[in-house]
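**Q** this one's sequence-less:
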């Protein structure tokens, strides 16, 4: 089967949707399908399976910046790619984002599968645009969401049943025998892997870390990510600031080495999370997880089973949960082992057959 995958966000920008689409294309290829990805990009993309169809602009939305592309030139490139590739099915991701996926959905004559990734507690923009989006949604042959949170958010505009198919994660790569990243300081290490956007809660992490350094010796915060909230480090004293290792943006392929070197994974997002790929990656690596008790994360982590969930915006609760894990080896081991088991339910081996079933269903009339 020829599957065309459309990603709305810049391929050369960090993001969970880009990782998901890239890994899905690889897994489809390994199962005998032919996959092509359409996406915008700021620069040259070396991956042969990716066709760059425009240059993105950075648009602020919901506390983050979305690198999207919506232009006449991109429309022409998308139509040409569809004509040449002749897909059996088109799988668009975040089709209501005004970017490549929306244009691909509008241009496609093949059956369309749409995956919804986003979740927001409230969105006046989506609510006001819902009548227009429902018209676009008539082009969708099968609607999929990565979680109940994402399905609930999209439902107001989709106007049809939405099937839940979670994000796939390369659990084998994160759960393998990766060597710890060299050159890291000795001691207990808290790992952060996320953009430093406002909704990710980095200032809360910084405040919690300041509390912990006063109680626990040899504590380090390893930060894989970048963004405007890096300024939160200014809240730390100079000695504490020297115990934060800022790695900048780390390619997903390089992350397992940092997971292998960490003692606990922290994800204190304030909200707007539909799933939490980074949580599954950490669990696959056997790391105990401390995260916020928000809808998308609750679908991945059960409190007290694979991790500890704390209220958002609460540095005291975050510090207390991290302290429990760092000072109780039995608890850390129990959470880590349960996390490995839970992560396997999100492996690509479990997820790809579910998507293939959706593809088969929408292409059956044509066959």
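**A** Happy to help now that I have it. These figures come from a predicted structure and were not determined experimentally.
**Q** the helices in the stretch 51-200 of the chain, which residues?
**A** In the stretch 51-200 of the chain, helices defined by DSSP state H, counting those that start in this stretch lie at 72-85, 100-107, 124-137, 148-158, 171-175, listed in chain order.
**Q** give the residue spans of the stretch 1-150 of the chain that score low on pLDDT.
**A** Residues of the stretch 1-150 of the chain that meet the criterion pLDDT under 70 lie in 61-64, 120-134.
**Q** again, only using 80
**A** 60-65, 119-137 (pLDDT under 80).
**Q** now the strands for it?
**A** Counting by DSSP state E, counting those that start in this stretch, the stretch 1-150 of the chain has strands at residues 2-6, 34-39, 50-52, 57-61, 64-68, 89-93, 112-116, 142-145.
**Q** domain map for this protein?
**A** 2-168+347-363, 171-346 (automatic domain parsing).
**Q** so can I have JSON lines of the ones you listed showing mean neighbour count?
**A** For the C-beta atoms, the positions are set from N, CA and C on the backbone; glycine is no exception. Formatted as JSON lines, the domains of the chain follow (neighbours: other CB atoms under 10 Å):
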{"stretch": "domain 2-168+347-363", "mean neighbour count": "19"}
{"stretch": "domain 171-346", "mean neighbour count": "19"}
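**Q** residue 316 contacts residue 211, correct?
**A** Yes - between residue 316 and residue 211 a contact is recorded at 7.1 Å, counting by CB atoms under 8 Å.
**Q** that older thread, now render the strands of the stretch 1-150 of the chain as TSV, adding distance to residue 239.
**A** As requested, the strands of the stretch 1-150 of the chain are arranged in TSV below (distance: least, CB to CB, whole Å):
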stretch	distance to residue 239
strand 2-6	48
strand 34-39	44
strand 50-52	45
strand 57-61	35
strand 64-68	32
strand 89-93	44
strand 112-116	45
strand 142-145	45
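**Q** and those: which comes nearest residue 328?
**A** strand 64-68 (34.5 Å; CB to CB).
**Q** other SSEs contacting that closest one?
**A** Secondary-structure packing of strand 64-68 (3 or more CB pairs under 8 Å, 6 or more residues apart in numbering; DSSP states H and E): strand 57-61.
**Q** residues contacting the strand it packs on, please?
**A** 65, 66, 67, 68, 69, 125 (CB atoms under 8 Å, 6 or more residues apart in numbering).
**Q** quick one: the third one from residue 155, how far?
**A** Spelled out, that is residue 67. Per CB to CB, to the nearest Å, residue 67 is found 26 Å from residue 155.
**Q** do the same with the fourth one
**A** According to CB to CB, residue 68 and residue 155 sit 23 Å apart.
**Q** same check on the fifth one?
**A** Computed with CB to CB, the distance linking residue 69 and residue 155 is 27 Å.
**Q** same check on residue 114?
**A** Counting by CB to CB, the separation of residue 114 from residue 155 is 13 Å.
**Q** residue contacts, the closest residue to residue 6 other than its chain neighbours?
**A** Excluding the flanking residues, the one nearest residue 6 by CB to CB, 6 or more residues apart in numbering is residue 104, at 3.9 Å. Taking CB under 8 Å, 6+ apart as the criterion, residue 104 is in contact with 4, 6, 38, 78, 82, 90, 92.
**Q** isn't residue 218 up against residue 188?
**A** Yes - counting by CB under 8 Å, residue 218 touches residue 188, with 5.9 Å between them.
**Q** my guess is residue 2 meets residue 84, correct?
**A** No - the criterion here is CB under 8 Å, and residue 2 misses it with residue 84 at 11.0 Å.
**Q** can you give me the strands for the stretch 151-300 of the chain?
**A** 163-164, 188-193, 219-224, 244-248, 264-267, 289-292.
**Q** adjacent strands (with direction) for the fifth one?
**A** Right, the one you point to is strand 264-267. Strand pairing for strand 264-267, using DSSP bridges, gives strand 188-193 (parallel), strand 289-292 (parallel).
**Q** columns distance to residue 238 on top of those, output as CSV?
**A** Shown next, in CSV, are the strands paired with strand 264-267 (distance: least, CB to CB, whole Å):
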stretch, distance to residue 238
strand 188-193, 19
strand 289-292, 26
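**Q** want to throw the ones you listed into CSV with distance to residue 150 and mean pLDDT?
**A** Below are the strands paired with strand 264-267 laid out as CSV (distance: least, CB to CB, whole Å; pLDDT from 0 to 100):
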stretch, distance to residue 150, mean pLDDT
strand 188-193, 21, 98
strand 289-292, 17, 98
